[in-house]
Each structure stands twice: as structure tokens, then as C-alpha cells.
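J.: give me a model of this one.
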Amino acid sequence: MYKIKSIFLTILIFLFACEPDDICLSEIDDTPKLLIGFYDKNSGNLKEVENLKIQGLDNDQIYIFETIDSIGIPLINNKNLTTFNLTKNFEEDNVDSGNNDKMFVNYNPNWIYISRACGYITNYDIDNLIIENDIENWIIDSEIITYSIKDEENIHVKIYH
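T.: This is a model prediction of the structure:
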């Protein structure tokens, strides 16, 4: 009986000894991603991009490879520039396939302290977005809808194709 009381008392001490700052709750938002919506150049409606591959410049990680009309992609939080290759009609078995456009996102990161357990998150203020011109751009135009990236509730950037 004495052992059970000791174990119970020890558990109670650990439960009440925890500071709220020691636990990062799941309700705490993470660093938001840049939300991009792909739109038809004529109608202005959301329009899927066939076999879209998005990959960061000098990065082996592919963020997406599928047919989609919108996506969230991460920005580098310790720099002011992130560059992505957006390849339309990419074929997995042919690495040279598709039409590749390069997108440059210039921004200022803002670090926000949450707590000891959660650390920091980063919000961003977009300065500009540039689509590199090439012989066959599939991206016709782009529009920044929200310059301040603080959440993932709405599209930040529209890309017309």
C-alpha cells in the first residue's frame, strides 16, 4: 500500500511541477507556408496545373509532383530570397521533360518568440515575386494578394497560366 501511495504522489508532483511554458500545445501555429493558387489567365478561376513539380533551387527535395490548383510551399527563414523551379507537364521517367519556370520570392522574415518549448516561428513580408522570362514561359503573370504571410488561411500569391 505504501508503494502505491508513493507512486501516486510522485506522479502528482510531476504533473503539477510542469510549467505551462514547458509544453508546446498543438494549437500553436507553425511557421506559415507561402500559399500559391494557380488561375486560368482568361477566366480568373482556379485551374489545375498538370503534373506540376516544384523544387527549390539547389535542393534535391521535391515539394510536390501532382496535378493541383493550389499549394503551400516553405520559404527559407534565415534568408531574404527563396527560388523555386516550377515544372509543368513533368514526367517522372524523363527528367528533362516539361516546361520549367523559375520563381524568385524576395521577403523579410520576422521571428516571433512563442515560448521555451515552442521556440520561434517566422512570419514573412513579401517584397516582390519575379518569374524569370524564358523562351516558353507557361506562367503568364503573377499577383501578390497578401504581402504579409502570417497564416495559411488564404492564398498569398496568384499565378496565372
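J.: next one: the closest residue to residue 152 other than its chain neighbours from residue 102, what distance?
T.: Once flanking residues are discounted, residue 152 sits nearest to residue 32: 5.0 Å by CB to CB, 6 or more residues apart in numbering. Where C-beta positions appear, they are placed from N, C-alpha and C, glycine not excepted. Separation of residue 32 from residue 102 (CB to CB, to the nearest Å): 23 Å.
J.: same deal with residue 157?
T.: Taking CB to CB, one finds residue 157 at 15 Å from residue 102.
J.: one more: residue 53?
T.: 13 Å.
J.: so between the two, which is more surrounded?
T.: Shown here are residue 53 and residue 102; by other CB atoms under 10 Å, residue 53 has more neighbours (22 against 17).
J.: that one is in contact with residue 87, isn't it?
T.: Yes: between residue 53 and residue 87 a contact is recorded at 4.3 Å, counting by CB atoms under 8 Å.
J.: list the contacts of the helix or strand hosting residue 83.
T.: Here residue 83 sits within strand 81-88, counting by DSSP states H and E. With CB atoms under 8 Å, 6 or more residues apart in numbering as the contact definition, strand 81-88 has outside contacts at 49-57, 63, 73-76, 98-107, 138-139, 159, 161.
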